[in-house]
Each structure stands twice: as structure tokens, then as C-alpha cells.
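Undergrad: Sequence and predicted structure are below.
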Amino acid sequence: MLALLEIGIHFNGKYLFEDISFLIRADDKIGLIGKNGAGKSTLLKVISGTLEPDEGELAMPNDIKIGYLPQEMHHQEGNTVWQEAKSAFVELNTIESNLEKVHIEMAERTDFESESYFNLLDRADHLQTEFGNLGGYEADGNTEKILKGLGFDPADFQRQTSEFSGGWRMRVELAKILLQKPNVILLDEPTNHLDIESIKWLEIFLSNYNGAVILVSHDRVFLDTITNRTVEISKNRIYDYAGNYTKYVAYREEMVTLQASTAENLAKRRAELERFVERFKAKASKATQAQSRMKMLEKMDTVEIDDRDNSAIHFRFPEPPRSGDIVMETFDVHKSFGDKQVLKGLDFILERGKKVAFVGKNGEGKTTFLKILADAEKATKGEIKIGHNVKIGYYAQNQTDTLDVEYTVFDVIDKVATGDARLKIRSLLGAFLFRGDDIEKKVKVLSGGEKGRLALAKLLLEPYNLLILDEPTNHLDMKSKDILKEALVAYGGAMVVVSHDRDFLSGLTDDVYEFKNGKIRHYAGDMKYYTDKRKEEDALESAQQSQNKQNAKNEAVKTVSAPVENQEEKKERQKKAKKFQKMIDDLETEIASIDKELKTIEAEIANGHHHPINLKRYEELKKKSEVKTTEWEDLSLQMEELV
């Protein structure tokens, strides 16, 4: 369906990747992986057509449709969420607009007998048919379904998009892509701004999508659930495997091990042959055998071991100073933004060394509560107590956005480092993969992952005994994320973390707090415990709802059968039913008569008898038929209630 042929991209004379070729089939669900800066986002731009490759070409049919969600984008202003989502239906919206113009013209015309009027009727019929064939009648339902799946409440539909954060506006752009039903969907880190519920919904949608999907994501569970193929970019080349991420990692390890073993065996065999030749090549009695082994050496294959990029960040958090037993405690915390109350009387306690996760849908107040804990936001009401000798390290959700884009990597750390930390800046940056000339790069040229690493590096400038982390894994590659998790597991201080990454949270925290409707609910276990408990609760709730529906249905049956009708009421009901039946019969006769006359006029029109009186009469009869049919339906419904 779509082919990349010997694609090459280079910056400043150096290749980002070169000679990359692979085919994208109609049903492929591809996970595009690699370390930060390997070129994943660049390759998506090439496939989307927004970037021309320096070498090679992209071959695809002219009618192929591609939907592309980049990491960063410019948003349109002036539309509601609903209007912006519906703008995805470009062709449908054009047809609808044209149809509206035709209807307006028809209403203004009086020359019902003219050929141009009949052409107008044909035009309206054609547009109506085309609108239906393109799914116009299902468009509103699909729009509502996808917006809800991505976390929007119906009350949000008529709000201006400008009222929402960048993450929520990204969801609108994602909704537009899904509604367009392109042949190929390209998504660059789509889960960065989604909550766990929305991620689960998107997993199901993309897994069942009737088209190709290419994902750049560092969410292991997300990739494993959706993809059936993995393409890794590493050291300018690609590795292509028919399987999801976890299967690919196991396969790559097996292949490298096999290559190393084969190369070792070949090296031993080559050494044996070379020794034999060197020893006996001068002896006449062994010359033939030596010659034979020389030919064997010439024919021996070489095994190339994949040159994998194993570079990864490496660090540990400084030993935290000892704090009091209670690190932080809140009492009856409320927070409102205007008329909207986000938090409603939260009581929360965090003990020394405890690690907790905050989860829940976006907009439920997780980030707001973190900001209050970090003193980056003030509560509307309530009390926050900080324990003895508590030093807080805070990583905000938009931490990478706070970096000065004109600073170099070195400057970012140098501006905030104090004391002995100033002597260790280069070592610190080296641990986060900023080496050599990298430290002189300006922030504005860094990838999202590189900015994330730099922002994390700032947390190591001094020892903290409470880390408050809001989505710290956004933009980090798999290796960096795993090493961050290892460092946090080993960290001896207390921690509060918000993350949508289920794999990252699993085994990391002692407790989970779910935010819902302004309140928090405590689950005494890690992410897996929380997920299992929620499944149990959802199953019980679903069973209870089913039982309630059945009880209501049974009660309704009892209620209907309970009243006992007396003779007078029965006679009155029968009398009324008889009257309604007479009216229904009369209407059926009248409708049949109208239909007969309509068919006669239609036959005349079909034979070319376009008399003005016939057309006028035809329009009158159609309206009359609609009115009488509506009356018949209403009476029939009333009749059903009586009998």
C-alpha cells in the first residue's frame, strides 16, 4: 500500500538515518521505536508528507489518505469542541453546505414546471444520496462516541476549544483524525496527554481499526496491546519484526546472542585453519591439505553482530536528609476555579519513605492537588502541614516548557547549580547522555525526550526527601523510563507521582489514590493491585446495574397488571376504542385515495406530461399525505394504549 524506498535524512552533514526501506501494508499495526533522537518523529513526518527526505522516495497510490498527529501542533481558534471535531468531515460538510443552498433555491422558486427546476430536484437527490453513502447520517453519533471515548463530557461539546489546555486540544485533533477514517494513521506519542481510561479506549479503537496504524510511543502496555509489528531505528538503520514490542525485545536479544555465538565459533574455526596453513604450507607432504584449507578460509562467511545503541541514562537520586515521621498532611482541602469546584474536602497524609500514585481521569484534580502540595498553587480552603525538615523536589507536568529555549544544555544546569554541584555539572549531564558538543546545544533544538532528560537532571542538583512528580515519563524512551523507575524504587525518600503509564507505576508505589468527583479513594497496593480491585468493583457494579434494571422491569410488570378495571371503566374504554378505530379506518381510506392520485400524477410526469396544475397538485397531495399519516400514527399509538 505504501513503500519507503532507500530513505535518508541528514542534519549538518551527519546522517540521522540512511537507506531505510520497508513496506506498510493495509492491515499493519506498527510500533516505531528507538531511543530519543533516533529519528522516529522525523520518519513519521516523511511518511505524512510534511518533510521531504534528502534521499530516496515515498511510493504510494494517489488516493491514499493519511492522518498524522504530531507531538506539537498549532490549534485553530474560534470553534467549539463539537464544531472543531465536525470540521474533520470536509467532504460531508461541503455536500451539506451545497444541499442547504439547493434547498434554499428550491424554496424561492415558483417555476415548478421548468426544466431547470427538475434539474435542481435531481441535484438535491444526488447530494442527498452522496451524503448518505459517505455516512453523513452517522456522523453526529460517531463524533459523540469518539469525543466521549477520549474523555470529553457532553457538557464540554459546546465550550470553546480555547478554554481547554494543550493536552485536551490535542485530544480534539486526535478525534478529528479518527473521524476522518484515513488509510494510514500516524500517531506521535498520543498517550502523553491521555488518562488511563482514555488510553484503554484508544487501545480498543486502534486494535480494531480497519486500516494501517503507525505509533511512536514509550508506553509498553499500549504498544503490546495494539501492534502486530515492530520497527526499531537504531544507529541509522532499522530492524523490522512481525510482533509486538515485548516479543521483539526477546527476539532481538536471542538474535544478538545467536550472532555472537556463531561469530565466536567461526572465529575459532578460522584460527584453527590459519594455524594449520601457517604450520604446513612449506611442507611438500602437507602442501595439498594446506592449499585446501586456504580455499576453505577464502570461502568462509563472516557474521556481522548487530551494532546496537546501548547508551542509556544512568543515575541515582542523592541520599535524602532525614525528615519527620509525617512528611505532609492536608485537612479539608478545597479548590475552585471560578464556579468550578475541583477538590472537595481532601484529607491526605504521607509518611516518611512512603511512595504513592495519584490516578484518575484528566480534569479530576490530580495535577491541581500536586501543585497545592508543592506550594505552586494555593488551596481555596483547608490546611496543608509540611513535616519537620522536609525538602521538596517538584517536577511539573509542563516542566520541559519551563526551560529557556535560548539557553544551552550546560546553561540550564549552570544557572541553578550551587556549591559543590557546580563542579559536577559535566558529569551530571553525561549521566543523562549529554556529552561532548551536546552540552552546547540550545534547548530549542532538543527533542521532547532530550528536554525531559534535562528537566530530570535538575532534580539531582540537591538532595530532597520528598519528590512530587507530575507525568515524569512523558517523552522519555523505554530505556530512560526503566532507569528512572529503578532510581525511584531505590530512592529512600517519600514520593507522590502522577502518571498514566501503567507499566511504569506497577511495582513502584506502596499505595494508589484515585481521584473522582473532587474526592480521593485509597487503595493499599501498587498499580496492579489497584487495577485488579477496580476490575472486581466494575464487575460488581455492572452486575448490580443489571439486577436493578431487571427489578425495575419486574416491578413495571406488576404495576401494569395490578389495577382491576370495573365495568363502567371497561365500557368507557371500549367506547373510546371504537371511536378511535373509526377515525383510523377513515384516515386509511383517505391516505389510500391520496396515494392513488399521487401515483397517477407520477405516471403522467414519467410520460412527459409536465402540466403546471399536476405539479402543484402533486406538492399539495404530498404535504396532505404527510399530515394524514402523522394523524394516523398518533391515533394508532393511542389505540394501542386503550387495548
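TA: Looks like it came in fine.
Undergrad: for the stretch 501-643 of the chain, what are the low-confidence residue spans?
TA: 556-567, 602-616, 618, 642-643 (pLDDT under 70).
Undergrad: Strands along that one, start to end?
TA: Assigned by DSSP state E, counting those that start in this stretch, the stretch 501-643 of the chain shows strands spanning 511-516, 519-523.
Undergrad: Likewise for the stretch 201-350 of the chain?
TA: Under DSSP E, counting those that start in this stretch, the stretch 201-350 of the chain gives strands at 212-216, 229-234, 237-241, 326-337, 340-351.
Undergrad: Would you mind finding the most buried of the ones you listed?
TA: Highest mean neighbour count among these (mean count of other Cβ atoms under 10 Å): strand 212-216, with a mean of 24. The C-beta positions use only the backbone N, C-alpha and C, and glycine is treated the same way.
Undergrad: one step back: just so I know, which of the strands of the stretch 201-350 of the chain lies nearest Leu194?
TA: Set against Leu194 and scored by Cβ to Cβ, the strands of the stretch 201-350 of the chain come closest in strand 212-216, at 12.8 Å.
Undergrad: one step back: what about the strands of the stretch 501-643 of the chain, which gets the closest to Thr630?
TA: Of all the strands of the stretch 501-643 of the chain, strand 511-516 sits nearest to Thr630, with 46.0 Å by Cβ to Cβ.
Undergrad: I'd like to know which elements that closest one is packed against.
TA: With contacts defined as 3 or more Cβ pairs under 8 Å, 6 or more residues apart in numbering; DSSP states H and E, the packing partners of strand 511-516 are strand 355-359, strand 519-523, helix 527-561.
Undergrad: Can you mark which positions in that strand are buried?
TA: Residues of strand 511-516 classed as buried: 511-515 (neighbour count, 16 or more other Cβ atoms under 10 Å).
Undergrad: List just the nearest of the residues you listed to Ile384.
TA: Checking the buried residues of strand 511-516 against Ile384 by Cβ to Cβ gives Tyr513 as the nearest, at 15.8 Å.
Undergrad: so what's the closest one bridging to?
TA: The partner list for Tyr513 in beta bridges (DSSP bridges) reads Phe358, His522.
Undergrad: how about it, what does it touch?
TA: Contact analysis of Tyr513 by Cβ atoms under 8 Å, 6 or more residues apart in numbering lists 348, 356-359, 520-523.
Undergrad: ranges for the strands of the stretch 1-150 of the chain?
TA: For the stretch 1-150 of the chain, the strands defined by DSSP E, counting those that start in this stretch occupy 2-11, 14-24, 29-33, 55-59, 66-69.
Undergrad: Kindly present these as JSON lines, with separate columns for mean neighbour count, distance to Val416 and mean pLDDT.
TA: Converted to JSON lines, the strands of the stretch 1-150 of the chain look like this (neighbours: other Cβ atoms under 10 Å; distance: least, Cβ to Cβ, whole Å; pLDDT from 0 to 100):
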{"stretch": "strand 2-11", "mean neighbour count": "17", "distance to Val416": "29", "mean pLDDT": "87"}
{"stretch": "strand 14-24", "mean neighbour count": "16", "distance to Val416": "31", "mean pLDDT": "86"}
{"stretch": "strand 29-33", "mean neighbour count": "24", "distance to Val416": "33", "mean pLDDT": "94"}
{"stretch": "strand 55-59", "mean neighbour count": "14", "distance to Val416": "42", "mean pLDDT": "90"}
{"stretch": "strand 66-69", "mean neighbour count": "20", "distance to Val416": "34", "mean pLDDT": "94"}
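Undergrad: Among the ones you listed, which comes closest to Arg534?
TA: Ranking the strands of the stretch 1-150 of the chain by proximity to Arg534 (Cβ to Cβ) places strand 29-33 first, at 26.3 Å.
Undergrad: by contact count, what packs against the closest one?
TA: Where contact means 3+ Cβ pairs under 8 Å, 6+ apart, strand 29-33 is packed against helix 40-48, strand 212-216, helix 220-226, strand 229-234, helix 245-280.
Undergrad: Single out the most deeply packed of those.
TA: Highest mean neighbour count among these (mean count of other Cβ under 10 Å): strand 212-216, a mean of 24.
Undergrad: That strand versus strand 14-24: what angle between them?
TA: Counting by axes from the mean of the first three to the mean of the last three Cα atoms, to 10 degrees, strand 212-216 lies at 150 degrees to strand 14-24.
Undergrad: Domain boundaries for this structure, per the record?
TA: Domains of the chain are assigned by automatic domain parsing as 78-166, 326-406+449-527, 568-642.
Undergrad: could you dump those domains to a markdown table with distance to Leu223?
TA: Below are the domains of the chain laid out as a markdown table (distance: least, Cβ to Cβ, whole Å):
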| stretch | distance to Leu223 |
| --- | --- |
| domain 78-166 | 19 |
| domain 326-406+449-527 | 9 |
| domain 568-642 | 53 |
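Undergrad: got the contact list for stretch 75-84?
TA: 87, 143, 147, 152, 156-162, 164, 166, 169, 172-173, 176.
Undergrad: Going by neighbour count, which of these are buried?
TA: Buried among these (16+ other Cβ under 10 Å): 143, 147, 152, 156-157, 161, 164, 169, 172-173, 176.
Undergrad: How much space separates the residue most central in space within the chain from Leu223?
TA: The centroid of the chain falls nearest to Pro190 when counting by Cα atoms, centre = their mean (4.2 Å). For Pro190, the distance to Leu223 equals 11 Å [Cβ to Cβ, to the nearest Å].
Undergrad: Now the common contact residues for the two.
TA: Shared contacts of Pro190 and Leu223 (Cβ under 8 Å, 6+ apart): 215, 217.
Undergrad: got any ranges where this protein has weak pLDDT?
TA: For the chain (pLDDT under 70), the answer is 259, 284-285, 301-313, 556-567, 602-616, 618, 642-643.
Undergrad: Select the longest helix from it.
TA: Using DSSP state H, we find that the single longest helix of the chain is helix 567-606.
Undergrad: So which bits of that helix are buried?
TA: Neighbour-count burial for helix 567-606 [16+ other Cβ under 10 Å]: 580, 584, 587, 591, 594, 598, 601.
Undergrad: how close does the closest residue to Phe504 other than its chain neighbours sit to Leu461?
TA: Distances taken as Cβ to Cβ, 6 or more residues apart in numbering place Thr473 nearest to Phe504, at 5.3 Å, with adjacent residues excluded. Distance of Thr473 to Leu461, given as Cβ to Cβ: 20 Å.
Undergrad: Name the residue in the two with the higher neighbour count.
TA: Remark: of Thr473 and Leu461, Thr473 carries more neighbours, 25 against 19, as counted by other Cβ atoms under 10 Å.
Undergrad: tell me which element the closest residue in space to Leu459 that isn't next to it in sequence falls in.
TA: Nearest residue to Leu459, sequence neighbours excluded (Cβ to Cβ, 6+ apart): Gly393, at 5.0 Å. Using DSSP states H and E, Gly393 falls within strand 392-395.
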